[in-house]
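> Starting from these lines, generate the structure:
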Amino acid sequence: MTDQRQEALPSRAVRFLVRYEGRDISVIDQQEFEMAVPPSDPLKGFEGESGFWVELRDGNDQVLYRRIHENPIQGEVEAFEEDGTAVRAAVEKPTGVFTVLVPDLPGADHVALVSSPLDSEQGAAKPAELLTNIPMRRKG
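Model (predicted):
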């Protein structure tokens, strides 16, 4: 079996600054620059898996690059009781900003953010699903 990781990635990269408010996700900035990015994680074998990852896909929705990350959208936080006991507390409407870094690959059409369900009722152990697609190129 061949290794599915991409060994030589281009030195061009695209960084997206992403804002989230609950399930609403938007790009607030996009920059292209010279920078080596980490190699891709395996491109196949994630069907039915839980977690969070970023995929770079072509116009036919084929995965060109995948990078596994800790989920930047936290539906729960750790809180402490008066006696010092740690408990998990649901965040009613998570809000924040995070960055996504992908290589500028030929044929890349969009970035897919894939995550296990964000609400704490379903839990992070459920299979990941598409959260949103981000166009690789700005329109206009």
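
> What ranges in the protein fall below the confidence cut-off?
1-10, 119-124, 138-140 (pLDDT under 70).

> Geometric centre of it: which residue is closest?
Residue closest to the mean C-alpha point of the chain, counted by Cα atoms, centre = their mean, is residue 54 at 3.6 Å.

> now the most far-flung residue of the chain relative to its centre, what's its secondary structure?
Within the chain, residue 83 marks the point farthest from the mean C-alpha position, 36.3 Å out by Cα atoms, centre = their mean. Each residue gets one of three states, and residue 83 gets coil by DSSP: H, G, I helix; E, B strand; the rest coil.

> what's the distance between it and residue 70?
Note on residue 83: its distance to residue 70, by Cβ to Cβ, to the nearest Å, is 29 Å. Just so you know, the C-beta spots here come from the backbone N, C-alpha and C atoms, and that holds for glycine as well.

> And for residue 33?
24 Å.

> Show me which of those two is the more surrounded one.
For residue 33 versus residue 70, the count of surrounding residues by other Cβ atoms under 10 Å is larger for residue 33: 10 against 7.

> hang on, isn't that one packed against residue 103?
No - with contacts defined as Cβ atoms under 8 Å, residue 33 does not count as touching residue 103, sitting 11.6 Å away.

> Give me the common contacts of the two.
12-13 (Cβ atoms under 8 Å, 6 or more residues apart in numbering).

> Contacts for stretch 18-25, please.
26-28, 72-73, 93-100, 113, 118, 131-132, 134.

> buried stuff in it?
Using 16 or more other Cβ atoms under 10 Å as the test for burial, stretch 18-25 gives 18, 20, 25.

> Could you export the residues you listed to TSV, including columns for secondary structure?
Below are those laid out as TSV (three-state DSSP):
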residue	secondary structure
18	strand
20	strand
25	strand
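
> need the strands for this protein, in chain order.
For the chain, the strands defined by DSSP state E cover 12-21, 24-34, 52-58, 63-69, 76-80, 86-90, 95-103, 108-115, 129-135.
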